[in-house]
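>>> Build me a model from this:
(chains A and B)
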There are 2 protein chains.
Amino acid sequence: MAKVKVHVFLKPGVLDVQGKAVEGALKGLGWSGVSDVRVGKLIEFDFEGADAEAEAKRMCETLLANTVIESYRVEVA
Amino acid sequence: MAKVKVHVFLKPGVLDVQGKAVEGALKGLGWSGVSDVRVGKLIEFDFEGADAEAEAKRMCETLLANTVIESYRVEVA
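Numbering: from 1, shown residues only, chains lettered A, B, ... in the order given. Below you'll find the model as predicted:
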């Protein structure tokens, strides 16, 4: 059984409104040294079967990431 | 300047409805070997200032994580 971690994040050129909101809130709380905040998703699961990494990539393409605006990174442990 | 990564995830006993939805969808698409899906957030930002790790922990306690139901992990690079 493989432990799979998938990190899904917005592509660099895409405006991250959630990140901007977090950045504004942190600055409002006094953390003026914060910049370039990006918020992504981390999906972790157990996978039973062959070739977990290739299957996880197929899952990303099919369901987990919107590949028009998001990129993903798969880690298998 | 420090690159900070904060991983926010639901505590083990808390029902992860988003994870359950993803698990159901993946199984519906034919990936029957998937189990124990958990969906968390990954917040990345640049921090200018002293003691990035302690400040990031304070940010989690104050804003980034709901510590009643969520845990967090801070990585500074």
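>>> Identify the spatial nearest neighbour of residue A:73, chain neighbours not counted.
Nearest residue to residue A:73 in three dimensions, chain neighbours excluded: residue A:7, at 4.6 Å (C-beta to C-beta, 6 or more residues apart in numbering or on different chains). The way it works is simple: take the backbone N, C-alpha and C, and place the C-beta from them, glycine included.
>>> residues of the longest helix seen in chain A that come out buried?
If you go by DSSP state H, chain A has its longest helix at helix A:17-28. By 16 or more other C-beta atoms under 10 Å in any protein chain shown, the buried positions in helix A:17-28 come out as A:19, A:22-23, A:25-26.
>>> before we move on, the earlier item: tell me how many other residues surround the residue nearest to residue A:73.
As a burial measure, residue A:7 scores 21 neighbours (other C-beta atoms under 10 Å in any protein chain shown).
>>> about what we covered before: which strands and helices sit next to the longest helix of chain A?
Under the contact criterion of 3 or more C-beta pairs under 8 Å, 6 or more residues apart in numbering or on different chains; DSSP states H and E, helix A:17-28 touches strand A:34-47, strand B:34-47.
>>> Could you write out the alpha-carbon coordinates of the last one in PDB?
Written as PDB, here are the backbone C-alpha positions of strand B:34-47 (Å, rounded to 0.1, in the frame of the first residue of the first chain):
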ATOM      1  CA  VAL B  34      -8.200   4.500  -2.700                       C
ATOM      2  CA  SER B  35      -8.900   4.900   1.000                       C
ATOM      3  CA  ASP B  36      -8.500   7.400   3.900                       C
ATOM      4  CA  VAL B  37      -8.600  10.500   1.700                       C
ATOM      5  CA  ARG B  38      -7.800  13.700   3.700                       C
ATOM      6  CA  VAL B  39      -7.900  17.200   2.200                       C
ATOM      7  CA  GLY B  40      -5.800  19.900   3.800                       C
ATOM      8  CA  LYS B  41      -4.600  23.400   3.000                       C
ATOM      9  CA  LEU B  42      -1.100  24.400   2.100                       C
ATOM     10  CA  ILE B  43      -0.300  28.100   2.600                       C
ATOM     11  CA  GLU B  44       3.000  29.400   1.300                       C
ATOM     12  CA  PHE B  45       4.500  32.800   1.700                       C
ATOM     13  CA  ASP B  46       7.600  34.900   2.000                       C
ATOM     14  CA  PHE B  47       8.400  36.400   5.400                       C
END
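>>> Many thanks, have a good one.
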